[in-house]
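In: Prediction below, plus the sequence it came from.
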Amino acid sequence: MSSEALTTPRPTAGLAPATRGLIYGLIGVIIFGGSLPATRAAVLALDPWFVSSARAVGAALLGMGWLLAQRAPLPSGRDWLGLVVVGLCVVVGFPVLTGLAMQWVPASHGILFVGLIPLATCLVGALLGTVRPRRPFWLWAAVGAVSVAAYAILQGGGDFGPADLLMVGAIAVTGIGYAEGARLSHHMKPAAVISWALVVCLPLSLPALILTWPAAPQTVAVSAWIGLGYVTLFSMFIGFLFWYRGLVLGGTARVSQIQLFQPFIGLGLAAVFLGEQVGWGILIGSVMVTISVAKARRYA
């Protein structure tokens with residue numbers, strides 16, 4: 001058995017590439033759905049800057065281990081800039097912005113903003129020339145994104161505060177990082193893309209980890225360490241193995257729409273593990289998102 005078979009997730013052997021891409025993407029979205037609840041659990045007892053840097057450093061060690069085990073070649077000169085962009089967006093930008101936002105709002109509020117990520121990803125993909133969907137696609141993608149955004153504003157009582165601005169920034173940088181990562185994944189292994197992106201961010205994440213190390217780690221609640229462990233192992237590494245693979249096999253426009261389900265996966269996890277209240281309005285939002293995803297896939 002090849003070393004690639006041991007390190008690349010392959011739950012879809014024998015299926016058409018488009019179907020395989022959707023399955024990979026769905027697995028990635030389920031993993032990412034736990035990111036904000038886990039982040040919320042972590043920042044309730046740990047400094048958000050420490051959480052952001054610790055998850056980046058921990059995942060970078062996993063990435064280095066993968067690169068060494070695979071004897072992965074160095075990226076080409078033109079790919080380094082793309083890897084820096086991916087790293088600054090998904091390794092630094094999203095964790096820092098969401099970590100700060102989760103100090104002020106419950107995970108169930110922030111989670112809904114991630115429904116905007118598919119639209120952001122496709123917008124950037126279109127600018128990069130990697131996405132060329134038909135016009136109705138944009139209409140249905142916008143309907144799904146607006147449905148999620150409207151629910152988020154209604155849930156917040158019509159307010160749009162600092163935490164909401166941080167979440168908008170997190171969505172913007174994630175769209176850039178996902179689109180650039182998908183572009184790189186067409187000629188690099190998805191695991192290599194996220195691994196190198198994590199490694200290139202070590203000059204930022206490692207000093208930040210040292211500077212923000214908690215004074216009394218033994219007093220921190222176990223739930224906070226579990227949350228940190230989840231975002232380190234799954235959100236920052238394993239999830240990307242499935243996600244980038246799915247974008248490559250199924251197409252960025254088509255697979256990215258699955259991420260509209262991520263808010264509702266996250267809301268369920270927030271309700272179960274954090275005890276946060278989720279109203280009936282979420283059912284209406286779920287129906288709207290399901291319709292939007294189905295229609296957008298048709299035109300992607």
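Out: That came in fine, so what should we check first? Numbering: from 1, shown residues only.
In: which residue is nearest the middle of the chain?
Out: The centroid of the chain falls nearest to F32 when counting by CA atoms, centre = their mean (5.3 Å).
In: what's the nearest residue to that residue if we skip its chain neighbours?
Out: Distances taken as CB to CB, 6 or more residues apart in numbering place G239 nearest to F32, at 5.2 Å, with adjacent residues excluded. C-beta here means a position set from N, CA and C on the backbone, and glycine is covered the same way.
In: which residues does I284 contact?
Out: Residues near I284 by CB atoms under 8 Å, 6 or more residues apart in numbering: Y151.
In: just to revisit the earlier point, could you list the residues in contact with the strand or helix carrying the residue nearest to F32?
Out: G239 belongs to helix 239-250 when assigned by DSSP states H and E. For helix 239-250, contacts defined as CB under 8 Å, 6+ apart pick out 8-9, 17-29, 31-32, 35, 90, 178, 181-182, 185-186, 190-191, 193-194, 255-256, 258.
In: just stretch 28-35 next, same as before
Out: For stretch 28-35, the surrounding residues in contact (CB under 8 Å, 6+ apart) are 98, 114, 230-231, 234-235, 238-243, 246, 258-259, 261-262, 265-266, 269.
In: what mean pLDDT does the helix or strand containing the residue nearest to the centre of the chain have?
Out: If you go by DSSP H and E, F32 is part of helix 17-33. Averaged across helix 17-33, the pLDDT comes to 91.
In: and the angle for that helix with helix 239-250?
Out: With axes from the mean of the first three to the mean of the last three CA atoms, to 10 degrees defining the directions, helix 17-33 sits at 160 degrees from helix 239-250.
In: Tell me the buried residues in helix 17-33?
Out: Within helix 17-33, the residues that count as buried by 16 or more other CB atoms under 10 Å are 20-33.
In: Now I238: closest residue in space, sequence neighbours ignored.
Out: Spatial nearest neighbour of I238, chain neighbours left out: I31 (6.4 Å); criterion: CB to CB, 6+ apart.
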